[in-house]
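1. What would the 3D arrangement of this be:
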Amino acid sequence: MLLIGASLLAAAGILALALLVVLRRTGAADRGRSAQLAARRAPGQLRRLNRLARRIERRLKARTDRLRELLDRAERLTARLDPLATGLDVQGDGLTPDLPLERQRDQIFRLSFQGLEPMDIARKLDLPVGEVEVTLNLHKSQHGAGRGLADDQP
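-> Numbering: from 1, shown residues only. The predicted structure is shown next:
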């Protein structure tokens, strides 16, 4: 009996080893099949990636070209506006020609002599109120506080 038991145990061990060998080969075969499948799929995936890269490149080129066109147009428009911009009032609406400083000052004095307040002068000449007030105060400080603008009227 002992001999039969030992024989059965040896047979079971041999079967277990054979099963392990078969399982290992199957795993290796599965891995080998996976690698073969991946290798077969790789060229197709590379073609798809290349097509995608070309499509993205075309879109980027189209957008770059459009941006260049817009920049060129902006530069052309700026060049056309530059001559018009010389002498324009930047603080106002951008369309009122700047008065030469001396003429502007004379108009401020003239309107002040006529009795207009700085706010009204600024509105009439399209100037900031502070600029009108500074001009009038400078004139007063240079020509004496007691002396009015009527004395300086041209």
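
2. element containing Gln45, please.
-> helix 2-85 (DSSP states H and E).

3. Can you name the element that comes right after that helix?
-> helix 101-113.

4. Mind listing what's buried along that next one?
-> 104-105, 107-109, 111-112 (16 or more other Cβ atoms under 10 Å). No exception for glycine: its C-beta is placed from N, CA and C like everyone else's.

5. Look up phi and psi at Ala127.
-> Quick fix: residue 127 reads Leu, not Ala. Dihedral pair for Leu127: phi -120, psi 160, per degrees, to the nearest 10.

6. Can you give me the neighbour number for it?
-> 21 (other Cβ atoms under 10 Å).

7. and what of the one 5 residues further on?
-> Residue crowding around Val132 was assessed by other Cβ under 10 Å; the count is 26.

8. Check Gln114 too.
-> With other Cβ under 10 Å as criterion, Gln114 counts 12.

9. swap in the one 5 residues further on?
-> Counted with other Cβ under 10 Å, the burial measure for Met119 works out to 11 neighbours.

10. so which helix or strand takes in it?
-> Met119 belongs to helix 118-125, assigned by DSSP H and E.

11. Which elements pack onto that helix?
-> In terms of contacts (3 or more Cβ pairs under 8 Å, 6 or more residues apart in numbering; DSSP states H and E), helix 118-125 is packed against helix 101-113, helix 129-143.
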